[in-house]
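# Below are the sequence and a predicted model for it; my questions follow.
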Amino acid sequence: MLSEKDNFIVQDMITREENMKRRQNVIENMIHKRKVFKRRLLFYLTLSTTIILFIAFEHLIEYEKISLFRIMEVNFLIAIVLFVISLAFWQKLIKFYPLKAIVKGYDNRLRIKNAGTLLASKRWLQFYYSGKEISAQIPQILHYLQVNENLNSIDEALAYINEHTLPESDREIKIKMESFQKFVSKTNEMILSTANEDGQPSIRKMRFIVLDKANVWYFGTAPNTPKVSELDLHKAAIYTMPTAEGMAISSNRLKICKTEYNLNDLKEYYEEQVPGFMDSLSEKDRESELIYKIELQSVRLDSWTQHEEISFY
C-alpha cells in the first residue's frame, strides 16, 4: 500500500504522462501538417512548371502523318518526362531561399498556433524525485506499481527498475552520441551563466566552436572584462539558443578553464563554424583574446520531440 505522500507523487506522475501524451500528439500533428504542406507546395510548383513547359514544347514540335492516338501517346510521355524533371528540380530548390523561407514561415505559424499546449506541457518535461531527474523512468514506475503487488513505494519501484535494467548497449550509446553531435552541429551560440565571489549571478550570450570532441567547446573573451574573474572560479552553466526545431542543450555539470590558445590559433575553426566573427576583431584583439574551454560532463537534450540526458563519463 502506497503512503499518502507517494500517492500524491504518483498522481503527479499520471498527470505528467497525460500532458506528455497530449504534447506528443500535438507534435506529431505539426510534423504531419508540415509534410503535407511541403508535398502540396512541391506538387503545385511541379504541376505549374510541367504545364508551362508542355505548352512551350507543343509550340516547337510539329506532328506530320501521325495518327491522333499516336500524338496522344507522345504527349503523354512528354508530360510524364517533364513532370519528373520538374519534380527533381523543385525538390532540390526547396532547400534554398525563397522556398525554404516559405516552409519555415509555415512552421512558425504552426508553432505559434500550438504554443499554448507546448508551453503548458513544458513544465512536465523534467520530473524530480529525491533530488534525481526520473522522467524517463516514470512509465516503468507506474507500470510496476500497478502489476507488482510486492512494491509498496516509489523507492521500491525505482530500486526494482534499476536492478532489472540492463546497462546501455554500445549501439544505444552510439545513437545518443550521434544525437548530441546533431544538436551541436545546429548551433554555435550559448547562454553562459556564471557568478562572482559574492554569488551575484550573470548571464552572457557567447559564440563557441568545437575542435575534435563534440562535448568540448571553446569560446573567447576580452581579458579586461569582469567575467574573467567569474570564469576563473570554474563554476558555470550553459544553455544553447533553441533552433527552429526547438533543439537546445543545457548543462550545469561541466568543467571550465583557461587555455593557452589565442584566436589566431583557432582561426580556421572560427571561420568555418562562426562566419564573420574573426573579421569583426582587430589583430590586437585577436592576440589578446582569452580562450576558455568548457568540458561537458553531462547534458540534457531538448527538442519538440526529444528529451534525454547524456553522460560522457
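Arrived safely. Residues are numbered from 1 along each chain as shown.
# Please, where are all the helices along this protein?
According to DSSP state H, the chain carries its helices in the segments 4-60, 68-93, 99-113, 115-122, 138-147, 154-164, 170-185, 227-231, 267-273, 283-288.
# can you put these in CSV and add mean neighbour count, distance to residue 131 and mean pLDDT?
Where C-beta positions appear, they are placed from N, C-alpha and C, glycine not excepted. Formatted as CSV, the helices of the chain follow (neighbours: other CB atoms under 10 Å; distance: least, CB to CB, whole Å; pLDDT from 0 to 100):
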stretch, mean neighbour count, distance to residue 131, mean pLDDT
helix 4-60, 14, 14, 93
helix 68-93, 13, 50, 89
helix 99-113, 13, 33, 91
helix 115-122, 13, 21, 84
helix 138-147, 16, 16, 93
helix 154-164, 15, 13, 92
helix 170-185, 14, 23, 84
helix 227-231, 17, 26, 91
helix 267-273, 15, 36, 92
helix 283-288, 12, 43, 86
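# Quick one: closest of these to residue 194.
Taking CB to CB, helix 227-231 is the member of these nearest to residue 194, at 4.0 Å.
# list the helices and strands that closest one packs on?
strand 189-195, strand 201-207, strand 216-221 (3 or more CB pairs under 8 Å, 6 or more residues apart in numbering; DSSP states H and E).
# if we go to 7 Å?
strand 189-195 (3 or more CB pairs under 7 Å, 6 or more residues apart in numbering; DSSP states H and E).
# Dump the C-alpha coordinates for the strand it packs on into PDB.
Extracted in PDB, the C-alpha atoms of strand 189-195 (Å, rounded to 0.1, in the frame of the first residue of the first chain):
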ATOM      1  CA  GLU A 189      25.500  30.200 -29.700                       C
ATOM      2  CA  MET A 190      25.100  29.600 -26.000                       C
ATOM      3  CA  ILE A 191      23.900  31.400 -22.900                       C
ATOM      4  CA  LEU A 192      26.700  31.200 -20.300                       C
ATOM      5  CA  SER A 193      25.800  31.600 -16.700                       C
ATOM      6  CA  THR A 194      28.400  32.400 -14.000                       C
ATOM      7  CA  ALA A 195      28.600  34.100 -10.600                       C
END
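# Parallel or antiparallel, which strands does it pair with?
Strand 189-195 pairs in its sheet with strand 201-207 (antiparallel), strand 237-240 (antiparallel), by DSSP bridges.
# Quick one: closest of those strands to residue 285.
strand 201-207 (14.2 Å).
# Now do that closest one: distance to the chain's middle.
21 Å (CA atoms, centre = their mean, to the nearest Å).
# What sits closest to the spatially most central residue of the chain if chain neighbours are left out?
Closest residue to the average C-alpha location of the chain: residue 247 at 2.4 Å, with CA atoms, centre = their mean. Nearest residue to residue 247 in three dimensions, chain neighbours excluded: residue 303, at 4.6 Å (CB to CB, 6 or more residues apart in numbering).
# Would you check that the one you found makes contact with residue 243?
No. In this structure residue 303 lies outside contact range of residue 243 using CB atoms under 7 Å: 8.1 Å.
# In terms of neighbours, single out the busier of those two.
The neighbour count for residue 303 versus residue 243, taken as other CB atoms under 10 Å, is higher for residue 303 (18 against 13).
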